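# Sequence plus predicted model, see below.
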Amino acid sequence: AIERTFSMIKPDATKRNLTGAITKTLEDAGLRVVASKRVWMSRRQAEGFYAVHKERPFFDELCEFMSSGPTIVQVLEGENAILKNREVMGATNPADAAEGTIRKMFATSIGENSVHGSDAPETAAEEIRYWFSDVEIVG
Ligand code: CMP
């Protein structure tokens with residue numbers, strides 16, 4: 001089925017001018033960018049977005065990093081978009097990521113892993129709603 005998923009290009013990647021290269025990789029995988037904007041999120045926005053991880057030992061580090069520079073937030077559309085995006089991103093830890101995946105090509109550590117993508121339909125809907133209003137998504 002045609003799905004939408006939420007994707008984020010993280011500060012380590014925008015800092016290295018990889019916005020285009022990462023977006024191209026997503027497009028080459030068959031995903032279409034139907035919404036996109038550059039945001040420098042506040043610490044509070046990062047904490048809200050990652051609230052599900054707030055008991056994790058890396059939560060502070062994660063929110064500090066995510067508010068340390070610009071990110072690109074995107075909505076991607078395509079056949080099986082949620083799974084397809086997870087495949088093209090590769091494993092969370094770049095050391096475990098498969099050849100040809102975004103994290104294998106570009107990520108430097110488990111924290112600075114260049115991209116985020118929704119893991120399920122429910123989280124995709126929530127994460128899209130966190131960053132975008134309906135009129136900003138143009139399919
Ligand atoms: P992401 O898909 O954005 O979802 C939560 C993030 O937490 C994850 O990618 C990683 O970047 C980060 N993360 C996961 N585990 C660790 C860890 N052990 N140390 C630091 N960051 C982590």
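Now that the structure is in, tell me what you want to look at. Numbering: from 1, shown residues only.

# contacts and neighbour counts: CA atoms only from here.
Fine.

# Name the SS class of Asn113, please.
Put simply, Asn113 is coil when judged by DSSP: H, G, I helix; E, B strand; the rest coil.

# What is the burial count for it?
Around Asn113 there are 24 other residues, counting by other C-alpha atoms under 10 Å.

# In contact with the nearest residue to it once chain neighbours are set aside, which residues?
With sequence-adjacent residues excluded and distances taken as C-alpha to C-alpha, 6 or more residues apart in numbering, Asn113 is closest to Ala107, at 4.4 Å. Residues counted as contacts of Ala107 (C-alpha atoms under 8 Å, 6 or more residues apart in numbering) are 13, 94, 113-114.

# Over to Ser7?
Counting by C-alpha under 8 Å, 6+ apart, the residues that Ser7 touches are 73-76, 115-118.

# In helices, which of the residues you listed appear?
Using DSSP state H to define helices, no part of those is located there.

# how close does the residue nearest to Asn113 get to Val135?
In this view, Ala107 and Val135 are 32 Å apart by C-alpha to C-alpha, to the nearest Å.

# Give me the contacts around stretch 77-85.
By C-alpha under 8 Å, 6+ apart, stretch 77-85 touches 1-5, 26, 29-34, 117-121, 124, 139.
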